[in-house]
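Engineer: Kindly return the folded structure for what I paste below:
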Amino acid sequence: MSEKRKKTWHIVLCVALWALTLGWLYEIFYFSGQTAEESTGLSMKVAAFISEKILRGRVTAKALHAPLRKLAHFGIFAVEGALLASALGATMRRRAVPACMSALACVAMAALNELHETTVKGRSGNFTDVCIDTAGAALGIAFAWLVLTLIFRRIRRRRKKRRRRENLQSGVDKRRQV
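Structural biologist: Just a heads-up that it's a prediction; the model follows:
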């Protein structure tokens, strides 16, 4: 692949990752902007579905409601952490620095999210949710870091093999010329 084509694909990848990251961030703030009634209604529908269809009534929707909401906080921020770490990693072409930057940004986003909830009717900010969001983001960042590490390792191995092949071929060509 030519250098120009590699750069083009890299730009496309960065733009796509940033678009996904910002879109997901919008979703986080959209959900935190729902009134208490809307938020409870949505999570109760999901809890009822899980209770009826998956657990077949062994656990009530009401019993699932609180853990499901906390799991949603964790999961939403795990995705945001993974997306942000990937976007920063692709943009900066590093892994450790973007992971640290992503962690700090996710803590700030979690705090701002809870602050935003205090401005919504019937909602309140909760430090426990900030901690749950941060833990989810940390898991997402760790997952992204692992995946990026494996991808970069594979790319390096392929490049190494290609260079060896090229060196062997050029060595064979030199022998033929003599």
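Engineer: Quick one: the helices in the chain, in order.
Structural biologist: Ranges of helices in the chain, per DSSP state H, are 3-32, 36-49, 61-92, 96-117, 127-177.
Engineer: excluding its backbone neighbours, what's nearest residue 70?
Structural biologist: Using Cβ to Cβ, 6 or more residues apart in numbering and skipping the chain neighbours, the partner closest in space to residue 70 is residue 132 (5.6 Å). No exception for glycine: its C-beta is placed from N, CA and C like everyone else's.
Engineer: if we can go back for a sec, which of the helices of the chain sits closest to residue 55?
Structural biologist: helix 61-92 (7.9 Å; Cβ to Cβ).
Engineer: which other helices and strands contact the closest one?
Structural biologist: helix 3-32, helix 36-49, helix 96-117, helix 127-177 (3 or more Cβ pairs under 8 Å, 6 or more residues apart in numbering; DSSP states H and E).
Engineer: and the residue nearest to residue 70, what is it in contact with?
Structural biologist: 70, 73, 74, 77 (Cβ atoms under 8 Å, 6 or more residues apart in numbering).
Engineer: can you pull the contacts of the second one?
Structural biologist: For residue 73, the contacting residues are 129, 132, 133, 136, taking Cβ under 8 Å, 6+ apart as the criterion.
Engineer: ok, these vs residue 17, which is closest?
Structural biologist: Out of the contacts of residue 73, the member with the shortest distance to residue 17 (by Cβ to Cβ) is residue 136, at 18.8 Å.
Engineer: if I pick the residue nearest the centre of the chain, what's in contact with it?
Structural biologist: Central residue of the chain (Cα atoms, centre = their mean): residue 82, 2.2 Å from the mean position. The neighbours of residue 82, taking Cβ under 8 Å, 6+ apart as the test, are 140, 141, 143, 144.
Engineer: Now render those as TSV, adding pLDDT, neighbour count and distance to residue 64.
Structural biologist: Formatted as TSV, the contacts of residue 82 follow (pLDDT from 0 to 100; neighbours: other Cβ atoms under 10 Å; distance: Cβ to Cβ, whole Å):
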residue	pLDDT	neighbour count	distance to residue 64
140	96	26	23
141	95	29	28
143	94	16	25
144	91	24	29
